[in-house]
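*Asks:* Sequence isn't available, so here's the structure alone:
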């Protein structure tokens, strides 16, 4: 709240001026904010003062000795009961009678929808609207009788409580004290009684947003009754309560001030707070996650207390306390819920079962051992329970015969275990020494996942050692320590605490129950408490006698002191932090900040007193208007909101992200809580988890042996500037802690020391990505298109090669032919085919004539006319205009459907029947000659003629180049198919069955369906010069060649020398590249956007690619990868080199996601998120805690 901003604006000032008097006076509405008749105020004042007038009359009669005190109390209480009852009954009767007669008319008269919420049009002094405004009817009719009875009893006892005779006796006839207590005491009773007569006032201390059961009117009378009860105890039980009675009379006078300040909790929060404090500090339990579980566990703990209290033998008492203490420290409520749900599922079929859906618990799986109840968990707990009973029985039964120094040795062992546990826990955090120094063992940079996880394995060892200390070694050592000390002279005969008086013996048994339970319920804290206890016992002059009598009481005192000391330190830190930031934070700096800081330093003892009081009653501190002016708020349970966890959560479109994230985060929290890398999971601790633009708030609700209950809530996104600023600071803190580029830049000290948010650990969690980026200035850059196309080309080469390699591998696995047999068949086939070729005395024409790897020259076959005549025959063999690859005389390996089985290879003809000039000698198996009946036969006849008779296709190099091609036409609509008037035919073919120089090239040969290209060779030949040969060879070297049965180096060297394979991929890649090429000199950002979304302008190649879903998906994915890499380079710098390792570019085929890691010289390696993420894809992000 900066300078110039008022603490209360006009609307809030008006609101405060109306509500504050109601809070002080118990509900009197003396300022309405609008003109109201005087009788409205008069009726309220009469209702407020009527009990006082009646009480004054009875007080005079008692003081004048006209009536006895007891008679006056009964008479006055009855009078107030009748007054409140008749008042409420009249209001209820008028409400229901008028509701039946004039409901519509009253609604029209009473309410003005455009006015304030409490504005009413009053008609008369005794009108219905006046009654309903002054005396609202109770929501539940039983409360009419209940509130009337409470009013009568409270006022009757209050009369006796504030009689001048009683006050003079209590304060030794001190007149001033008597007058002050009498006046302000009656005011407190009137304020509390008015809420019962009418309705509850606006309370600053609000625990529930809605008062569904009319509990709020009981809040103020409850505190009056507490004072009255101690007065009755002082009168009828013992004079030991005299001091308490005197103090509570003073407290009664101060109650209106405490109610106004909101220091006293509502009655429901008060009851839950008392139950929790008794359960934790007297019986050794833990704060729990629900109100019902708290009541159940408190009842079970009281049963254990009663059992130990009435056990006549100390050995039996120790066994009961040890066994039941371990059982109650387990997740008892979780077991009950699990049994309840299992019975409910058996008795009633759920909706998911009716529809055939399986229900899987989030706690299931390999991580569920000891975190949920299963057969293995039952056996484990049964084994531990047996060991506990055995150790407790043996040690306690022989405690009188064991050497007296053994307990001293065990005490020092406990101290050593406490220090060891603290060291093992701290060494796993990113910062040590109160968050000031960075841990040198913690990984420097979590962006490098493999390196991060390798270094975290070292810290994992410390976590496992800590688990053994906390879960097994420490508890059993403390159990032996207790069994040696908590005993009697004759353990098998004498009871515990024989020399203690009854009042102390109750607390002694509470200490015994708590000690044997807390070693399992909270082992970390119990190690610290027992260490302090042992130091106290050692420093005592008579340790034996003192320890046997006072150890359980010391457990109670030290446990309470430990928790309150930590609270005091936290509250003091909070006060100092608010005081400092009121000046350092410009948005909070006001003109009065310097004055407030000076006054705070001047009255620092007062601040210390306020902090101490808040610590004693376990109440939070509340800075007034975020200024360093502190008030004490009302105490409340650790789970400081009513209702179940998540019951008040709101549902929005972002909820789905958190619902998917929570189970994944819960699995990580199991590990880190068990290892201690997040510190000790004490109930009430809060953690913030940050990933992308989301924040998750984790609060520990309950902690016990082998379980921990947390509340995980997703916070609102940073939609405002304030939220964005806060999130930016969180990101700065996390990046400083978990992201380091090099060791030279490693910071030794924390850049944000003593910050309220201290980073503790980082983990990898699988979750959905919803990152939003603003690309202004990036995609509209003139160089963005060039960079995108360069990255797209390399991405396409990578994706196509890996995809073809994967497909070929699956086909070979289906055939399931051993590799050695395949190679043997190939060798024999080669020898056979070679001899067959020599028999026909055929030689290749124009061997290696052109040095260009992508030749375009053609020849006309002598059978051209025959092909032209037979073109009307069936289409078993499709003839097209071809541009073939350069051939080699030593290319002897054919790529067909089965690369190891030779087939009849057909010659490739041009559109008019011509054979290509640069074709190779086709080898085929000997076939039976086919009889030729006429030149008008089928194409098959012509094919069999040249295959069966000649064996190879004939070529004539004397013929001129022939390039007759069908004329292509297309419709105006984008995406329409190519038409020639008859059948769509490809224009360019990469070879029907290319022959490779290496037998291993067939492992990654281009699929047959991708060899026919619908564009002229001349249209994409200009791009062949930019084909990335080096990158292509690098990707080939990264493929899996294990199925070849040969060494990778040998296979890679042979494949890299096969120019035929290179030509195939070069032409296919550059043909796909031509889809995105534009002739315009400048490509706008809209082009990149359209290409990224798949909106590609129509052309023949794009139409052909779109017909093959497999190739289309690879092309679009490659362009998106190229686009994302362009964004990375524009934001982080130019990519000057590509690392030659598998970590440069890796493909995750299981989930369909490709991720890459590009290393820039002198920059931080980055792994951008998946650009094609969909609801079915998951991306790995880090969760910072």
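*Replies:* Good, I have the coordinates. Given the structure is predicted, the values throughout are model-derived calculations rather than measurements.
*Asks:* separation between residue 551 and residue 280?
*Replies:* To residue 280, residue 551 is 19 Å away according to CB to CB, to the nearest Å. All C-beta atoms are positioned from the backbone trio N, CA, C, and that covers glycine.
*Asks:* now swap in residue 309 and tell me
*Replies:* For residue 309, the distance to residue 280 (CB to CB) stands at 19 Å.
*Asks:* Out of the two, name the residue with the larger neighbour count.
*Replies:* residue 280 (23 against 18; other CB atoms under 10 Å).
*Asks:* ranges for the helices of the stretch 1051-1185 of the chain?
*Replies:* 1059-1073, 1085-1092, 1100-1107, 1109-1132 (DSSP state H, counting those that start in this stretch).
*Asks:* pLDDT score for residue 11?
*Replies:* Here the pLDDT value assigned to residue 11 is 79.
*Asks:* same question but for residue 975, I mixed them up
*Replies:* Looking at residue 975, its pLDDT reads 35.
*Asks:* from memory residue 37 sits against residue 120, does it?
*Replies:* No: the pair residue 37 / residue 120 is not scored as a contact, 10.5 Å apart, by CB atoms under 8 Å.
*Asks:* got the contact list for stretch 605-621?
*Replies:* 263, 273, 277, 564, 567-568, 571-572, 574-575, 600, 630-636 (CB atoms under 8 Å, 6 or more residues apart in numbering).
*Asks:* Show me where the stretch 1001-1150 of the chain dips below the pLDDT cut-off.
*Replies:* Low-confidence segments of the stretch 1001-1150 of the chain, defined by pLDDT under 70: 1078-1083, 1133-1150.
*Asks:* before we move on, the earlier item: looking at residue 37 and residue 120, which is more packed in?
*Replies:* Between residue 37 and residue 120, residue 120 has the larger neighbour count (other CB under 10 Å), namely 19 against 13.
*Asks:* that older thread, list buried residues within the contacts of stretch 605-621.
*Replies:* 263, 273, 277, 567-568, 571-572, 574-575, 600, 630-636 (16 or more other CB atoms under 10 Å).
*Asks:* Can you flag which of those residues belong to strands?
*Replies:* Among the buried ones among the contacts of stretch 605-621, the ones falling in strands (DSSP state E) are 630, 631, 632.
*Asks:* Check the burial of the nearest residue to the first one once chain neighbours are set aside by counting its neighbours.
*Replies:* The one in question is residue 630. The shortest distance from residue 630 to any non-neighbouring residue, by CB to CB, 6 or more residues apart in numbering, is to residue 621 (5.0 Å). By other CB under 10 Å, 19 other residues sit near residue 621.
*Asks:* Kindly report the same for residue 666.
*Replies:* Residue 666 has 17 neighbouring residues, counting by other CB under 10 Å.
*Asks:* That one and residue 712 touch, don't they?
*Replies:* Yes: counting by CB under 8 Å, residue 712 is a contact partner of residue 666 at 7.0 Å.
*Asks:* returning to what we had before: is it possible to get CSV of the ones in strands among the buried ones among the contacts of stretch 605-621 that adds distance to residue 759?
*Replies:* Shown next, in CSV, are these (distance: CB to CB, whole Å):
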residue, distance to residue 759
630, 28
631, 32
632, 31
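*Asks:* Look at residue 513 and say how many residues are nearby.
*Replies:* 30.
*Asks:* Just the buried positions in stretch 23-36, please.
*Replies:* Neighbour counts over stretch 23-36 (16+ other CB under 10 Å) mark 23, 24, 25, 26, 27, 28, 29, 36 as buried.
*Asks:* Nearest to residue 216 among those?
*Replies:* Closest approach between these and residue 216, by CB to CB: residue 27, at 10.6 Å.
*Asks:* Give me the residue ranges of the protein where confidence is low.
*Replies:* By pLDDT under 70, the weakly predicted segments of the chain are 1-5, 98-118, 345-371, 541-548, 717-721, 740-747, 771-773, 815-994, 1078-1083, 1133-1185.
*Asks:* for it, longest helix please?
*Replies:* Using DSSP state H to define each element, the chain has its longest helix at helix 543-584.
*Asks:* give the contact list for residue 1108.
*Replies:* Contacts for residue 1108 (CB under 8 Å, 6+ apart) come out as 1009, 1010.
*Asks:* buried sites along stretch 81-99?
*Replies:* For stretch 81-99, burial by neighbour count (16+ other CB under 10 Å) applies to 81, 83, 84, 85, 87, 88, 91, 92, 94, 95, 98.
*Asks:* gap between residue 685 and residue 286?
*Replies:* Distance, residue 685 to residue 286, by CB to CB: 13 Å.
*Asks:* neighbour count winner among these two?
*Replies:* Remark: of residue 685 and residue 286, residue 286 carries more neighbours, 28 against 16, as counted by other CB under 10 Å.
*Asks:* does the more buried one count as helix, strand or coil?
*Replies:* Following DSSP: H, G, I helix; E, B strand; the rest coil, residue 286 is assigned to coil.
*Asks:* Report the contact partners of it.
*Replies:* So residue 286 contacts 279, 280, 521, 522, 683, 702, 703, 704 (CB under 8 Å, 6+ apart).
*Asks:* Could you do residue 793 as well?
*Replies:* Residues in contact with residue 793 (CB under 8 Å, 6+ apart) are 1026, 1027, 1028, 1069, 1073, 1122.
*Asks:* Narrow the residues you listed to those that are buried.
*Replies:* Among the contacts of residue 793, the ones that count as buried by 16+ other CB under 10 Å are 1027, 1028, 1069, 1073, 1122.
*Asks:* So which of the buried residues of stretch 81-99 are in helices?
*Replies:* Counting by DSSP H, the part of the buried residues of stretch 81-99 found in helices is 81, 83, 84, 85, 87, 88, 91, 92, 94, 95, 98.
*Asks:* so residue 770 sits right up against residue 692, yeah?
*Replies:* Yes: at 6.8 Å, residue 770 and residue 692 qualify as touching, with contact defined as CB under 8 Å.
*Asks:* what's the closest of the buried ones among the contacts of residue 793 to residue 64?
*Replies:* So of the buried ones among the contacts of residue 793, ranked by how close each gets to residue 64 (CB to CB), first place is residue 1122, at 102.1 Å.
*Asks:* longest strand of this protein?
*Replies:* Assignment by DSSP E gives strand 694-704 as the longest strand of the chain.
*Asks:* could the buried residues of stretch 81-99 be laid out in CSV, adding distance to residue 155?
*Replies:* Formatted as CSV, the buried residues of stretch 81-99 follow (distance: CB to CB, whole Å):
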residue, distance to residue 155
81, 8
83, 9
84, 9
85, 13
87, 14
88, 15
91, 20
92, 22
94, 25
95, 26
98, 30
